[in-house]
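1. Have a look at this prediction, sequence included:
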Amino acid sequence: MKPICFPTTYVSASAAASLRALFLSVVTCQPFAGRLPPDMRTLQESGFLDVLTPVTGGEQRLDDMVREFGQWGRLHAGGAGLQAAFWRQRLQADALAEEGSSSQLISQIQGRSIPTRGPAEPDRLMPARVFLYLAQEFDRQSCEVQRDLARHARLSAELRHALTGENDVAAGGRNQGLAFEPAGHEDHLWESRLTAWARLFLRQPYPSPVFVTSSAAVVDHVIASVPRALRLLPEALATFTRPPVTVGLPSPHDVMPRLAEFAVSSLSLLEKQFATDTPETAGARGAGPDVFVLPEADPTHVFARFLTGVPVERVRRPDERPWRHTVLVRVPPAPVEGAGGITPIVD
């Protein structure tokens, strides 16, 4: 059993660094098979990333739509293709049209009329899949820009040192990449991301009660959708994120067994380590991980709250069973640093 990353489908270097401090491996839900970015493929090959693809097929239609969006972005958004279209929110409305089909996405751009017809289930899922794919590309390109900026700062620092003998402290010094905070690009259109992700995930839910996100906005939104949420107390969280090393127990870097235990525990036991989370406490959350339990709420029921229109036709797994509680974990991305930091920047 593994935790599931949501609602973003791109796992960046900074996200992986934070997640590896807590988990041996994680699951990501991918909208299309065989389209994993190279850096995520490396994480998959290392055994850290497990890829779930609830729906397969449609890759050629995806390529056609990506070309259309890229052309629209270049012509109308004043930018470079897909990223410009995504920033301008061109994708938001039609990409989540549950009762439409992939033709709606292209038709809006081309100004064509859309024939009225009853879409099949793959057509209903295609808009959400395309949206998630484009969001993933947007996230990947944003991280690439960050790396390029850090590399530029490092080279500038080396040149400054060569000319003047001085070190640029802001750039982390010579031979070290710039230390910078994650840009928060994963929060762009987060409500649309959550809706699209829920629609895809509920098609074939992965058997786990634990869901991980870096977005505080997503956490607040999910918590607001349920009658009650419990938050792990600070003193319990301190020992939870740094468990003692004990012979015979799982690695201290894998907190998944304890999270899974929360999902089946009695409320009386949970209330010894958790307190009721309220909107007033949201602003008091720290920079580190946060753990929440949504009592008496199976994950499929929690995420179904974010869907409208035609229900998702689910494919049930043989090992599927309801969970008593849903566990939500917020893990902020780690800063990406150069030599001596968490994730080296390489040419």
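-> That came through, no problem.

2. mind listing the strands for the stretch 101-250 of the chain?
-> Under the criterion DSSP state E, counting those that start in this stretch, the stretch 101-250 of the chain contains strands at 210-213, 230-232.

3. from those, which stretch is densest packed?
-> Of the strands of the stretch 101-250 of the chain, the one with the most neighbours on average (mean count of other Cβ atoms under 10 Å) is strand 210-213, at a mean of 24. Bear in mind the C-beta positions are built from the backbone N, C-alpha and C, glycine included.

4. What strands flank it, and is each parallel or antiparallel?
-> According to DSSP bridges, strand 210-213 has the following sheet partners: strand 4-5 (parallel), strand 326-330 (parallel).

5. Give me the residues contacting it.
-> Residues from elsewhere that reach strand 210-213 (Cβ atoms under 8 Å, 6 or more residues apart in numbering): 1-8, 19, 23, 26, 219, 256, 259-260, 263, 299, 326-331.

6. By neighbour count, sort out the buried ones in those.
-> With burial judged by 16 or more other Cβ atoms under 10 Å, the buried subset of the contacts of strand 210-213 is 2-8, 19, 23, 26, 219, 256, 259-260, 263, 299, 326-331.

7. thinking again about what came up before, out of the strands of the stretch 101-250 of the chain, nearest to S142?
-> Closest approach to S142 among the strands of the stretch 101-250 of the chain is made by strand 210-213 (16.9 Å; Cβ to Cβ).

8. Alpha carbons only: can I get the closest one in CSV?
-> Once non-C-alpha atoms are left out, strand 210-213 reads as follows in CSV (Å, rounded to 0.1, in the frame of the first residue of the first chain):
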residue,chain,number,x,y,z
VAL,A,210,-3.7,8.1,2.1
PHE,A,211,-3.5,11.1,-0.2
VAL,A,212,-0.6,13.5,-0.4
THR,A,213,-0.5,17.1,-1.8
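
9. do you know how far S46 is from S192?
-> Distance of S46 to S192, given as Cβ to Cβ, to the nearest Å: 31 Å.

10. So these two - more neighbours on which side?
-> Using other Cβ atoms under 10 Å, the more surrounded residue of S46 and S192 is S192, with 20 against 11.

11. Please report the distance of that one from Q204.
-> From S192 to Q204 the distance is 21 Å (Cβ to Cβ).

12. swap in R67?
-> The spacing between R67 and Q204, counted by Cβ to Cβ, is 29 Å.

13. Compare the two and say which is more crowded by neighbours.
-> The neighbour comparison of R67 against Q204 (other Cβ under 10 Å) goes to Q204, with 17 against 13.
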